[in-house]
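Trainee: Mind folding the following:
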Amino acid sequence: MTNFVFRPWGRPLWVCEKYGQANWTVLACLGTEKRSVVSASQLAHFATKVILVKVEDPRLGTPEFLDSQASAFGRNRDYYDREAPLAAHYESADLKASIDRIEDVCGSAAESGSVILDITSFPKRWFFPMLRLLVSDDRVQNLQVVYTRGTSHAKVLAESPETLRVLPTFATMDARDSHDVAFVGVGFHLHSMLTMFGNDRARAMHLLFPFPPGPPGIQRNWKFVQQVERVVQRDATLLDGADPINFLHLDSIDVSLAFDAMRMASNGGRKTSMMAPYGPKPFSVAMCLFAIAAERARLDDIPVYYSQPKKYAVDYTADAASRLGALDTWSYAIKRAGRFLYEM
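Mentor: Okay, here's the model as predicted:
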């Protein structure tokens with residue numbers, strides 16, 4: 001039991017109680033989906049400061065789409081201003097903002113020493129480096145990541161994906177193009193993830209499958225899996241001795257479980273690995289933390305590949321989900337009293 005680490009996660013009120021008294025700054029995204037501000041307005045009850053960042057996509061789409069996007073931003077800002085108990089500091093930035101710009105935003109939040117990073121509507125190109133920056137910032141003694149689930153998803157979640165590339169700050173410094181393990185989150189859309197096999201190779205692939213997914217997600221998850229299987233079966237250039245696809249059936253909201261599953265599958269990070277964070281955002285958080293933990297343990301760097309969409313559906317989700325009469329929001333303790341809780 002000497003290696004046991006208590007990683008509190010659950011409803012925000014319960015997790016905040018485990019920290020005791022803290023001056024929390026909420027760092028959240030002002031998105032086009034309503035759940036972005038429903039989530040932030042509820043977290044404001046625990047905060048002394050709220051920063052809402054409007055991450056603007058490149059101006060792609062018809063005039064009707066752009067008008068709808070602008071209206072959604074305005075409507076959601078009005079909702080927060082009306083419903084939240086604490087006024088927000090508003091920021092605007094481009095989807096493809098520089099790391100310096102992302103660091104500036106994180107620095108403003110870090111001043112309080114205690115940060116709640118609400119990833120509900122942040123794109124992966126933003127929240128992956130944000131989480132790294134906040135973990136490494138010695139001013140941040142307490143850190144939580146929060147995610148609020150949504151109701152029904154749009155049929156087409158995103159369009160115009162970029163070429164597959166590593167997420168900012170998650171590249172590998174060596175020149176290897178073969179890996180022992182590839183971890184892939186099972187989601188709804190592949191985008192260009194499958195081009196990973198054109199450059200990098202893995203001896204084993206582990207698909208992080210959300211279980212139980214529930215309808216209609218289960219049909220879209222299995223379609224994702226079928227597409228991956230077809231490509232793997234056709235790929236005659238896979239490494240010799242490659243294992244078949246393995247499934248890690250994991251609770252879609254349990255970050256700690258997903259982290260430990262990857263740690264076990266990679267022999268404590270000693271097997272080299274690469275990642276593709278599709279699927280539920282809590283899986284992506286676990287992948288991000290795993291890559292950070294490997295670096296902190298001085299293990300081989302873990303490249304994280306993603307094809308960032310340039311355009312998201314305005315109605316990505318219909319609304320914030322509720323469960324047993326309360327907002328379906330989950331909070332994960334990442335740092336407590338200066339201690340990082342996800343070491344390898």
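
Trainee: Name the helix or strand of the protein that has the lowest mean pLDDT.
Mentor: Within the chain, confidence by mean pLDDT, DSSP states H and E is lowest for helix 196-199 among all helices and strands, at a mean of 52.

Trainee: Show the subsequent helix or strand relative to it.
Mentor: Remark: after helix 196-199, the chain's next helix or strand is strand 201-210, criterion DSSP states H and E.

Trainee: looking only at pLDDT, what's the mean for that following strand?
Mentor: Across strand 201-210, pLDDT averages out at 79.

Trainee: Stretch 90-97 now?
Mentor: Mean pLDDT, stretch 90-97: 94.

Trainee: residues in contact with it?
Mentor: 30, 51-58, 77, 101-102, 105, 123, 125-126, 308, 310 (Cβ atoms under 8 Å, 6 or more residues apart in numbering). C-beta here means a position set from N, CA and C on the backbone, and glycine is covered the same way.

Trainee: Please save the CA atoms from it in CSV.
Mentor: What follows is stretch 90-97, C-alpha atoms only, in CSV (Å, rounded to 0.1, in the frame of the first residue of the first chain):
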residue,chain,number,x,y,z
TYR,A,90,-13.3,38.0,-20.6
GLU,A,91,-10.5,37.1,-23.0
SER,A,92,-10.4,36.4,-26.7
ALA,A,93,-7.9,34.3,-28.6
ASP,A,94,-7.5,32.4,-31.9
LEU,A,95,-7.9,28.7,-32.0
LYS,A,96,-4.3,28.5,-33.3
ALA,A,97,-2.9,30.9,-30.8
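
Trainee: starting at the chain centroid, how far to that stretch?
Mentor: 17 Å (Cα atoms, centre = their mean, to the nearest Å).

Trainee: Domain parsing of this protein, as residue ranges.
Mentor: Segmentation of the chain into domains, based on automatic domain parsing, reads 9-152+314-340, 163-307.

Trainee: Out of those domains, which gets the lowest mean score?
Mentor: Taking the mean pLDDT of the domains of the chain, domain 163-307 comes last: a mean of 77.

Trainee: Could you grab the helix/strand/coil label for Ser71?
Mentor: helix (DSSP: H, G, I helix; E, B strand; the rest coil).

Trainee: I'd like to know how far it sits from Tyr305.
Mentor: 34 Å (Cβ to Cβ, to the nearest Å).
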